[in-house]
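J.: Attaching a predicted model along with its sequence, questions to come.
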Amino acid sequence: MTQLNAQALMAMPYEQMVACIKSWNRHKMEESRSWRFWRRDDQFEPQGDWRTWLVMAGRGYGKTRMGAEWVSALAAAYPGARFALVGATLNEARQVMVEGESGLLALPFAERPEWEPSLRRLTWRNGATATLFSAAEPESLRGPQHDFAWADEIAKWPNGIKAWDNLMLGLRLGQHPRIMATTTPRPVPLLRRLVLEKGVAITRGRTADNDMHLPPEYLASVRAAYAGTRWGRQELDGELIEDAAGALWSRDLIERQRVSYAPDLKRIVIGVDPPVSENGDACGIVAVGIGEDKKAYVLGDHSIAGASPERWARAVAAAVDLWQADRVVAEDNQGGNMVETVLRAADLAMPIKRVHASQRKTVRAEPIAALYEARRVFHTAAFPEMEDQMCGLVSGGGYEGPGRSPDRADALVWALTELMLGKAERTPRVRLL
């Protein structure tokens, strides 16, 4: 018989639910104040002999809570155990896995460990410890040994396979070392490998499975916007969707073009794809530089959604200041002179080149995709939202990625077109002071 939990209780008719609660003794009341009672049936740890537990589910499913509760329970059961907590970056590991609203410090039914941010370390009373690591620095995982590990959002990891392999080689303490990986799926090489490996137990789930804890308005709005789309199947239903047929970019191609840093750069430009309105698409803002090796390096995605013209103009100005860019290249189809006027109002005292789109986005993107194939463009970090959009642009067709428009990918295309396909600049580079 299935143990009574909150999910089963909430499914009862109201009168039956009230009678059931009234019949509880003190022990049952105490039991109701535990994760074991509140987790859903689909959130239970898998049975059997597994080394990796892969939770591959839609946004809002409860993946972070599952990971934090799993670590907390093991820390209580194994005094002195050592854990690795690995996020896409150290900042994400801290903000989501530790300090987030579903992170280890926020668990309502578990011991709150001592948190030492300067040491990236959590310590429980029984001596169990957890150390934070960044998948963006895979070499930091070479050497440390652990009993258990929690890897979050592995589909976002830059250099994912290298970071994963270094983590697994250090997972060698205790009698039965295990790892839990939580992620919204993307068809990146690491995730495609894991779903085929032996010893991997997979839990799949949808955003809607967690409807008991999500606002009905939120569920209704995302269903209306994305239900049935490729992006909705991936981000809401947790399906591992392979690259679109005929896509200009593949995940494997982008992964092949990832590097740890950019060399000295001759020029840096900021590509901008302004939104039609502040309630519509994001403003695509992408920084790209070209090196002495005549290769381009994507430096940052600073796109901003739901922003007024003043806000996205300030975001462009901030990107210019951060990268000390030489020029802004902005599409003016939607606003004409307005785009330059807005940018000037943000005190952007530098050359602004307005470009007008006379071709479809996919047609403009095709020569840029060819530069990737020729190994002339590299990404210096993981840019998940932009890369999702790139893989949604289909040659000779339309757009099958997230959102209504590939605003981030379009900003990338404008910047790379200026750097790689435009006329060579003869003027020396001058940095803003």
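T.: Received, thanks.
J.: Which residues are in contact with the closest residue to Lys156 other than its chain neighbours?
T.: Leaving aside its sequence neighbours, Lys156 sits nearest to Ala88 (CB to CB, 6 or more residues apart in numbering; 4.4 Å). Every residue, glycine included, has its C-beta placed from N, CA and C. Contact analysis of Ala88 by CB atoms under 8 Å, 6 or more residues apart in numbering lists 134-136, 152-153, 156-158, 382.
J.: 6 Å instead, please
T.: Shown in contact with Ala88 (CB atoms under 6 Å, 6 or more residues apart in numbering): 135, 153, 156-157.
J.: ok, of the residues you listed, which one's closest to Gln47?
T.: Glu153 (25.5 Å; CB to CB).
J.: Tell me the predicted confidence for the closest one.
T.: The model reports Glu153 with a pLDDT of 96.
J.: got it, and Leu214?
T.: 89.
J.: need the contacts of Ala88 in CSV with secondary structure and neighbour count, can you?
T.: Below are the contacts of Ala88 laid out as CSV (DSSP: H, G, I helix; E, B strand; the rest coil; neighbours: other CB atoms under 10 Å):
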residue, secondary structure, neighbour count
Ala135, coil, 30
Glu153, coil, 24
Lys156, helix, 22
Trp157, coil, 27
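J.: between those residues, which is nearest Val320?
T.: Of these, the one sitting nearest to Val320 (CB to CB) turns out to be Lys156, at 26.4 Å.
J.: Quick check: pLDDT value at that closest one.
T.: pLDDT for Lys156: 92.
J.: again, but for Trp231
T.: pLDDT, read off for Trp231, is 79.
J.: my hunch is that Glu92 is in a strand, does that hold up?
T.: No. Checked against DSSP: H, G, I helix; E, B strand; the rest coil, Glu92 lies outside a strand; its state is helix.
J.: okay, now it: neighbour count?
T.: Residues lying near Glu92 (other CB atoms under 10 Å) number 19.
J.: what separates it from Val98, distance-wise?
T.: Going from Glu92 to Val98 by CB to CB, to the nearest Å gives 10 Å.
J.: Show the backbone phi and psi for His379.
T.: phi -100, psi 130 (degrees, to the nearest 10).
J.: Would you confirm that it contacts Val298?
T.: Yes. In this structure, His379 is within contact of Val298 by CB atoms under 6 Å, at 4.7 Å.
J.: Not counting sequence-adjacent ones, nearest residue to Leu190?
T.: In space, Leu190 is closest to Gly160, 3.8 Å off (CB to CB, 6+ apart).
J.: The one you found: neighbour count?
T.: 24.
J.: same check, this time on His356
T.: A count of nearby residues for His356, using other CB under 10 Å, gives 8.
J.: same deal with Glu310?
T.: 12.
J.: That one belongs to a helix?
T.: Yes. The assignment for Glu310 is a helix, going by three-state DSSP.
J.: Check what pLDDT it gets.
T.: For Glu310, pLDDT reads 83.
J.: I'd like to know how far it sits from Pro351.
T.: Glu310 is 21 Å from Pro351, by CB to CB.
J.: Please apply the same query to Pro189.
T.: Distance from Pro189 to Pro351, by CB to CB: 39 Å.
J.: what do you get for Ala370?
T.: Ala370 is 27 Å from Pro351, by CB to CB.
J.: go on, Glu153?
T.: Glu153 is 38 Å from Pro351, by CB to CB.
J.: If you rank every helix and strand of the chain by mean pLDDT, what lands last?
T.: The helix or strand of the chain with the lowest confidence, counting by mean pLDDT, DSSP states H and E, is helix 337-345 at a mean of 68.
J.: Next secondary structure after that one?
T.: strand 352-355 (DSSP states H and E).
J.: Beyond that following strand, next helix or strand please.
T.: By DSSP H and E, the next helix or strand past strand 352-355 is helix 361-373.
J.: Which strands or helices does that next one pack on?
T.: Helix 361-373 sits against helix 407-416, with contacts defined as 3 or more CB pairs under 6 Å, 6 or more residues apart in numbering; DSSP states H and E.
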